[in-house]
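Novice: The following block contains a protein sequence and its predicted model.
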Amino acid sequence: MDKDDIYESKVLVDDLRSALMPTYGDYGVVIKKAEGCRLFDVNDNVYLDFLAGVSVVSLGHANQVVNQAVVDQISNFGHLSNFFLNETTSKLAHRIASYVSSDTSDKGKVFFSNSGAEANETAIKLVRRYGGGQRYKIVTCLNSFHGRTMGALAATGQPGKQMPFQPLPPGFIYVEFDNVEQMRDAVSDPLVVAVMVEIIQGEGGVVDASPGYFEEVERLCKEREVLLVVDEVQTGMGRTGQMFAFSHFGLDPDVVTLSKALGNGFPIGATWARTSVANTFVPGDHGSTFGGSPSSSAAALAVFDEIERRGILDHVVEVSDYLRSRLIELDIVHIVSGMGLLLGVRLKRPVAKEIVARSLRCGLVLNALSDRIIRVAPPLVVSKDEIDEALAVFSKVSSDL
Ligand SMILES: Cc1ncc(COP(=O)(O)O)c(C=O)c1O
């Protein structure tokens with residue numbers, strides 16, 4: 001770019017930012033088109049997207065099958081209201097239930113919303129309803145991330161994010177992630193009704209738990225008759241190589257929350273619960289004008305179809321092994337955490353932000369979760385060639401750091 005182009009580009013970025021609240025640290029890049037794993041900006045730069053809209057566009061940008069499903073639906077009707085039933089939304093509820101529940105006699109029920117935070121808000125209200133006023137406390141983990149609305153933020157075990165918005169709803173107990181002793185103490189409180197966990201702490205740095213941790217958490221929950229809520233907002237829909245990450249550990253949760261990749265970019269959140277828990281809600285307890293929108297439901301049904309038809313879960317396992325083994329060979333890389341295509345690249349030195357900035361200039365989108373951790377989360381349809389291309393950039397930009 002020459003000087004005039006840089007000036008014009010800056011004017012455009014400032015203009016586009018000017019009426020938006022300053023909540024996001026955007027990269028200052030204006031996108032005009034996106035397709036598959038590629039983004040195209042207004043200056044005709046091309047980027048390989050290894051962030052996938054933050055684990056959302058798993059089937060790639062502008063996926064034609066998902067788009068067509070939405071077009072077909074909105075040509076008929078896009079929105080009704082929850083005073084009416086429609087086949088698309090109910091079909092999606094059955095589809096989610098058939099994947100989540102391992103119990104053939106109880107497939108459970110789903111409440112639809114529009115985002116991950118809302119899916120978790122629903123879970124929080126639901127378990128409190130189930131507690132019937134006698135039990136209301138929820139145990140969550142330090143360093144977790146469950147969303148930014150007031151209830152979800154209260155569940156999020158990050159004091160730094162909570163501090164400016166105090167007072168938050170009370171009734172949350174925070175324990176260290178991966179610490180069985182602390183979890184045991186917490187669930188022994190007779191007022192505890194539920195434990196809420198992520199299988200991999202995504203926003204918290206792609207943090208894994210030790211083998212046996214989740215099985216023990218589930219055992220403790222069963223022993224104390226405490227509900228197990230699994231937040232699959234980031235890990236769900238095949239990102240870890242199973243449709244849901246809890247399946248890696250053979251868990252049988254009582255409540256599961258989904259969003260992000262469920263609609264491949266069309267806004268949707270879902271909260272599944274086993275029937276005995278789901279049926280504690282009565283009409284008027286909870287609701288959402290757009291929740292269960294036929295248009296987003298059509299997108300999500302197409303996402304399930306595509307994951308099955310294209311054998312996406314097997315593909316994730318295959319390319320994940322490849323990506324992981326190549327990442328660990330890089331000089332700057334200490335270890336690689338995570339599963340499937342949600343990987344945390346832990347660096348030997350605190351240069352994550354520099355690597356992300358340099359990568360962007362070389363046409364690769366990554367995300368720094370801290371000074372030493374880079375999140376690598378490409379669309380699940382990423383090819384080995386695209387992985388090679390990304391690794392070449394990563395290697396080049398980190399070689400002198
Ligand atoms: C595990 C988890 N839960 C909840 C959320 C919140 O989702 P949303 O931003 O759609 O509200 C996120 C977002 O990153 C997440 O990773």
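Specialist: Arrived safely.
Novice: what sits against whichever residue of the stretch 1-150 of the chain sits closest to the ligand?
Specialist: For the stretch 1-150 of the chain, the residue closest to the ligand is Gly116, as judged by C-beta to the nearest ligand atom, at 2.2 Å. All C-beta spots, glycine's among them, are computed from the backbone N, C-alpha and C. By C-beta atoms under 8 Å, 6 or more residues apart in numbering, the contact set of Gly116 is 146-147, 152, 231, 233-234, 257, 259-260, 269.
Novice: Nearest to Leu342 among those?
Specialist: Gln234 (6.8 Å; C-beta to C-beta).
Novice: Number of residues surrounding that closest one?
Specialist: Neighbourhood size, Gln234 [other C-beta atoms under 10 Å]: 28.
Novice: Touching, it and Gln201? I think so.
Specialist: No - using C-beta atoms under 8 Å, Gln234 and Gln201 do not qualify as a contacting pair, with a distance of 9.2 Å.
Novice: Could I get the average pLDDT for the strand or helix carrying Asp321?
Specialist: Element membership for Asp321 (DSSP states H and E) is helix 312-328. For helix 312-328, mean pLDDT rounds to 98.
Novice: returning to that earlier point: distance to the ligand for the contacts of Gly116 - can I get that in TSV?
Specialist: TSV is the format used below for the contacts of Gly116 (distance: C-beta to the nearest ligand atom, whole Å):
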residue	distance to the ligand
His146	5
Gly147	4
Ala152	7
Asp231	5
Val233	3
Gln234	4
Thr257	7
Ser259	5
Lys260	6
Gly269	7
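Novice: For Ala97, list the residues it contacts.
Specialist: Counting by C-beta under 8 Å, 6+ apart, Ala97 makes contact with 107-110, 272.
Novice: Which stretches in the stretch 251-400 of the chain count as helices?
Specialist: Per DSSP state H, counting those that start in this stretch, the stretch 251-400 of the chain carries helices over the ranges 275-278, 294-309, 312-328, 352-361, 384-398.
Novice: Check those for me and report the most buried one.
Specialist: Of the helices of the stretch 251-400 of the chain, the one with the most neighbours on average (mean count of other C-beta atoms under 10 Å) is helix 294-309, at a mean of 22.
Novice: and Pro294, what does it touch?
Specialist: Taking C-beta under 8 Å, 6+ apart, one finds 73-74, 77-80, 86, 88-89 in contact with Pro294.
Novice: and these, which are buried?
Specialist: 73, 86, 88-89 (16 or more other C-beta atoms under 10 Å).
Novice: The contacts of Ala97, buried ones only, as a PyMOL selection?
Specialist: Buried subset of the contacts of Ala97, written as a PyMOL selection, criterion 16+ other C-beta under 10 Å:
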select buried, resi 107+108+109+110+272
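Novice: Intersect the contacts of Ala97 with the contacts of the ligand.
Specialist: Residues of the contacts of Ala97 in contact with the ligand (C-beta under 6 Å from any ligand atom): none.
Novice: The contacts of Ala97 in strands, which ones?
Specialist: Using DSSP state E to define strands, the subset of those located there is 109-110, 272.
Novice: Would you format the residues you listed as TSV with pLDDT and distance to Gly212 included?
Specialist: Formatted as TSV, these follow (pLDDT from 0 to 100; distance: C-beta to C-beta, whole Å):
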residue	pLDDT	distance to Gly212
Lys109	98	31
Val110	98	30
Trp272	98	25
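Novice: Closest approach to the ligand from the stretch 301-401 of the chain, which residue is it?
Specialist: Distances between the stretch 301-401 of the chain and the ligand by C-beta to the nearest ligand atom are smallest at Leu342, namely 9.7 Å.
Novice: Run a quick neighbour tally on that residue.
Specialist: 24.
Novice: what does the one 5 residues further on give?
Specialist: Counted with other C-beta under 10 Å, the neighbours of Leu347 add up to 22.
Novice: Tell me the spacing between the closest residue to it other than its chain neighbours and Ala352.
Specialist: For Leu347, ignoring the flanking residues on the chain, the nearest one in space by C-beta to C-beta, 6 or more residues apart in numbering is Arg372 at 4.8 Å. In this view, Arg372 and Ala352 are 6 Å apart by C-beta to C-beta, to the nearest Å.
Novice: shared neighbours of the two, anything?
Specialist: Shared contacts of Arg372 and Ala352 (C-beta under 8 Å, 6+ apart): none.
Novice: Can you tell me what sits against the helix holding Asp321?
Specialist: Defining contact as C-beta under 8 Å, 6+ apart, one finds that helix 312-328 is touched by 58-59, 238-243, 306-307, 333, 335-336, 339-341, 343, 345, 376, 380-384, 387-388, 391, 394.
Novice: how about a cut-off of 6 Å?
Specialist: Around helix 312-328, the neighbours that count as contacts under C-beta atoms under 6 Å, 6 or more residues apart in numbering are 238, 241, 333, 336, 340-341, 345, 380, 387, 391.
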